[in-house]
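Enquirer: I would like to see how this sequence folds:
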Amino acid sequence: MKPMLIAIVEDNPDDEQLVRRALKQHNITNDIIVLRDGVEAVDYMLGVGAYEGRDTSVQPQVILLDMNLPKLNGLDVLKRLRADERTAMVPVVMLTTSKEEGDIIASYKLGANSFVTKPVEFTQFVEAVKQLGLYWLLLNKTPEQNA
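Expert: Predicted structure coming up:
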């Protein structure tokens, strides 16, 4: 059985720690990979660059993708992931501070599975991450799981 991995694509260490704390608080103990910029995220998922030779048959159960990333923004990351058959169906949750209607529309047009605005208040953030974890890790079925 392949590991149920969570990918957090987040350049802000404080936001990463909030996600980790929220997951831990709700006993979501999946392995976590943290990718700090858009280029690193694409390289990891596609097994290129610094991740050349990585087994790309092992993909995250869900990717929590920030929109405002260095080197390559979240929308460009999403576009590249959806264009590759190895990552085209990996669930991607845009987890961002943006509330712009244009960002929401662009995310869904590019194939995001969900768009969640990061609440500023910690208890709201913990609840949002809990719901994400319960749905994407426990309830959602991916094609590979159904095979």
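
Enquirer: touching, Leu65 and Leu78? I think so.
Expert: Yes: the pair Leu65 / Leu78 is scored as a contact, 6.6 Å apart, by C-beta atoms under 8 Å. Placement of C-beta: from N, CA and C, glycine included.

Enquirer: hey, what's in contact with both of the two?
Expert: Overlap of the contact sets of Leu65 and Leu78 (by C-beta atoms under 8 Å, 6 or more residues apart in numbering) consists of 92, 94, 112.

Enquirer: list the residues that contact Arg21.
Expert: Applying C-beta under 8 Å, 6+ apart, the residues near Arg21 are Val126.

Enquirer: hey, C-alpha coordinates of the helix or strand hosting it in CSV?
Expert: Here Arg21, judged by DSSP states H and E, is contained in helix 13-25. What follows is helix 13-25, C-alpha atoms only, in CSV (Å, rounded to 0.1, in the frame of the first residue of the first chain):
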residue,chain,number,x,y,z
PRO,A,13,7.0,28.9,7.7
ASP,A,14,4.4,30.3,10.1
ASP,A,15,1.5,29.2,7.8
GLU,A,16,3.2,25.8,7.3
GLN,A,17,3.4,25.4,11.1
LEU,A,18,-0.3,26.4,11.5
VAL,A,19,-1.3,23.7,9.0
ARG,A,20,0.9,21.1,10.8
ARG,A,21,-0.6,22.0,14.2
ALA,A,22,-4.1,21.9,12.9
LEU,A,23,-3.6,18.4,11.3
LYS,A,24,-1.9,17.1,14.4
GLN,A,25,-4.7,18.5,16.6
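
Enquirer: show the contacting residues for Tyr108.
Expert: Residues in contact with Tyr108 (C-beta under 8 Å, 6+ apart) are Phe115.

Enquirer: can you name the residues that contact Gln25?
Expert: Taking C-beta under 8 Å, 6+ apart, we find Gln25 in contact with 126, 130.

Enquirer: check Arg54 too.
Expert: Arg54 touches 44, 47, counting by C-beta under 8 Å, 6+ apart.

Enquirer: looks to me like it is in a strand.
Expert: No: under DSSP: H, G, I helix; E, B strand; the rest coil, Arg54 sits outside any strand and is assigned coil.

Enquirer: having no further points to raise, I will conclude here.
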